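Visitor: How does the following fold in three dimensions:
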Amino acid sequence: MLDGDRRPRILLILRHFPWPMEHGMHLRHLNIIERLQDRFVFDLYCYAEQQEPPTELNAYFRQIIYDQRQANETGAGVKVRSRNDDRSSTQEIKRELEALLDGGQYEVAVTNVGTLRYLPRHPAIPVIGDIIDNDCLIIWRSLRYTRDLLQLYRRVRDFLVWAAYQRVFFRRLACVCYVSEVDAAFSKRISRYPNHEVIPNGVNTDFFTPAEQLSKPYSLVFEGNMDFEPNVDAARYLISEILPRIHNAIAGAHLYLVGNNPHPDIVAASSEHVTVTGYVQDIRPWLRRARVFACPMRIGAGMKNKVLQAWAMGIPVVATTKGTGGLRAIDGQNILVRDRPDDFAEAVVEILHDHQLARSIGEAGRRTAMRHYTWIQSANRFGEVLQRAMTVK
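Guide: Numbers count the residues shown, from 1 in each chain. Model prediction:
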């Protein structure tokens, strides 16, 4: 604990600074930390950063520890570490982490899956793994849609590597947190690690609000990081299998694909019926163009922030079963769930034509977001996990 401050001190261990907040993992960490400031003090350790941290992070962390070649003090609350050789040296990172965890200044550490290999074999304090997407589940689901034999071989190999990684390194954790029951259940089958917690993401329903009026008739939108394989697969599926079927019923239907770093296949799909935006600073104006949010995920894992945001804005959602993972999605009430391309397209057309159905589904989605997916709920559950870890250490 800090002098004069009785709040427990928590260390967040990441590879890079959790900024900008558009990234799903950054969104989760910073929203939860912001709402736990009255109960805990948070420090940040980033082992692969040499640039000064964004000033926005000062609102979340008491101290930020990162790597620079030349040791110097850059300001209050920022501690700079300098390594003598390669800044990504595994052994040096391990020594730094062991010193931080064994120094008596922290009660609990929190990290993500990529950092587990740097943890001491027997950490001096409890370490919680906060896993946004289950990589094993992502690879497992992708096997069904892999036709190339060489790619299939590589994915099977990657699955076995990630499964072994989980079995080895989860043993160093006090517990593993996932955002959905589906991810946690799949992880238990692989790692046989008993201590899993499910803490869903939230959404800011004051920021994501319904539009006063609909702007674009016969429009649908899909958004996400467009270089992330599950999103790329969903966009391709939407363009090639679903949109043509929608056009059979509504020739003027228009698809907006919104998100950072669009894959070349997605860029090439731009046409009079498909708009590819690339990076946008604010997703809300693009969501407000849509009469339907389409989420035809076939692979991937975790919880879909994109669906939460559409729900919060009162936009009716049509999704596949895999697009609803971890959500309180009830087909016909707050969402339409369709897995076959014909059925998916038919549901989109139904909502585009039936304004009463669109309003009913959209309003139910917003009620679900407001009741079950606030960030304060997520933060309170995470705070309980932190408190419990301190009790049993």
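
Visitor: Name the SS class of Ile65, please.
Guide: Three-state call for Ile65 (DSSP: H, G, I helix; E, B strand; the rest coil): strand.

Visitor: Across the sheet, point out what pairs with it.
Guide: Following DSSP bridges, Ile65 is listed with bridge partners Tyr45, Lys79.

Visitor: burial of it, as a residue count?
Guide: For Ile65, the count of nearby residues is 20 (other C-beta atoms under 10 Å). The C-beta positions use only the backbone N, C-alpha and C, and glycine is treated the same way.

Visitor: thought it was touching Leu44?
Guide: Yes - using C-beta atoms under 8 Å, Ile65 is in contact with Leu44, at 6.9 Å.

Visitor: so what's in contact with the two at the same time?
Guide: Shared contacts of Ile65 and Leu44 (C-beta atoms under 8 Å, 6 or more residues apart in numbering): none.

Visitor: Give me the phi and psi angles of Leu11.
Guide: Backbone geometry at Leu11, expressed as degrees, to the nearest 10, gives phi -110, psi 120.

Visitor: so where's the stretch 101-250 of the chain uncertain?
Guide: By pLDDT under 70, the low-scoring segments of the stretch 101-250 of the chain are 213-215.

Visitor: At which residues are the strands of it located?
Guide: Using DSSP state E, counting those that start in this stretch, the strands of the stretch 101-250 of the chain run over 108-111, 127-131, 175-178, 196-198, 219-223.

Visitor: and those strands as CSV, adding mean neighbour count?
Guide: Formatted as CSV, these follow (neighbours: other C-beta atoms under 10 Å):
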stretch, mean neighbour count
strand 108-111, 24
strand 127-131, 24
strand 175-178, 24
strand 196-198, 18
strand 219-223, 24
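
Visitor: Put together a markdown table for those strands, with distance to Asp343 on each row.
Guide: Output for the strands of the stretch 101-250 of the chain, formatted as a markdown table (distance: least, C-beta to C-beta, whole Å):
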| stretch | distance to Asp343 |
| --- | --- |
| strand 108-111 | 41 |
| strand 127-131 | 32 |
| strand 175-178 | 29 |
| strand 196-198 | 29 |
| strand 219-223 | 15 |
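
Visitor: Nearest to Arg154, out of the ones you listed?
Guide: Each of those has some distance to Arg154 by C-beta to C-beta; the shortest is strand 127-131, at 22.5 Å.

Visitor: For that closest one, which outside residues touch it?
Guide: Contact with strand 127-131 is made by 28-29, 101, 108-113, 116, 119, 170, 172-179, 183, 187, 199, 385-386, 389, as judged by C-beta under 8 Å, 6+ apart.

Visitor: ok, now with 6 Å
Guide: Contact with strand 127-131 is made by Ala109, Val110, Asn112, Val113, Leu173, Ala174, Cys175, Val176, Cys177, Tyr178, as judged by C-beta atoms under 6 Å, 6 or more residues apart in numbering.

Visitor: Now Gln166. Nearest residue, chain neighbours left out?
Guide: Ser191 (4.3 Å; C-beta to C-beta, 6 or more residues apart in numbering).

Visitor: Quick check: phi and psi at Asn305.
Guide: Dihedral angles (degrees, to the nearest 10) for Asn305: phi -60, psi -30.

Visitor: So what's the residue count around Glu384?
Guide: Counted with other C-beta under 10 Å, residues neighbouring Glu384 total 12.

Visitor: and it, that one's in a strand?
Guide: No - read with three-state DSSP, Glu384 is helix and lies in no strand.

Visitor: ok, the residue nearest to Gln166 - contacts?
Guide: Going by C-beta under 6 Å, 6+ apart, Ser191 touches Gln166, Arg167, Phe170.

Visitor: Report the buried members of those residues.
Guide: Buried by 16 or more other C-beta atoms under 10 Å: Gln166, Phe170, out of the contacts of Ser191.

Visitor: which among the contacts of Ser191 gets closest to Leu257?
Guide: Closest to Leu257 out of the contacts of Ser191 is Gln166 (32.8 Å), distances taken as C-beta to C-beta.

Visitor: Name the residues of stretch 316-326 that are buried.
Guide: Buried positions in stretch 316-326, judged by neighbour count with 16+ other C-beta under 10 Å: Pro316, Val317, Val318, Ala319, Thr320, Lys322, Gly323, Thr324, Gly325, Gly326.

Visitor: and it, average pLDDT?
Guide: For stretch 316-326, mean pLDDT rounds to 93.

Visitor: Which parts of the stretch 201-350 of the chain are helices?
Guide: For the stretch 201-350 of the chain, applying DSSP state H, counting those that start in this stretch gives helices covering 229-237, 243-249, 264-267, 284-287, 305-312, 341-353.
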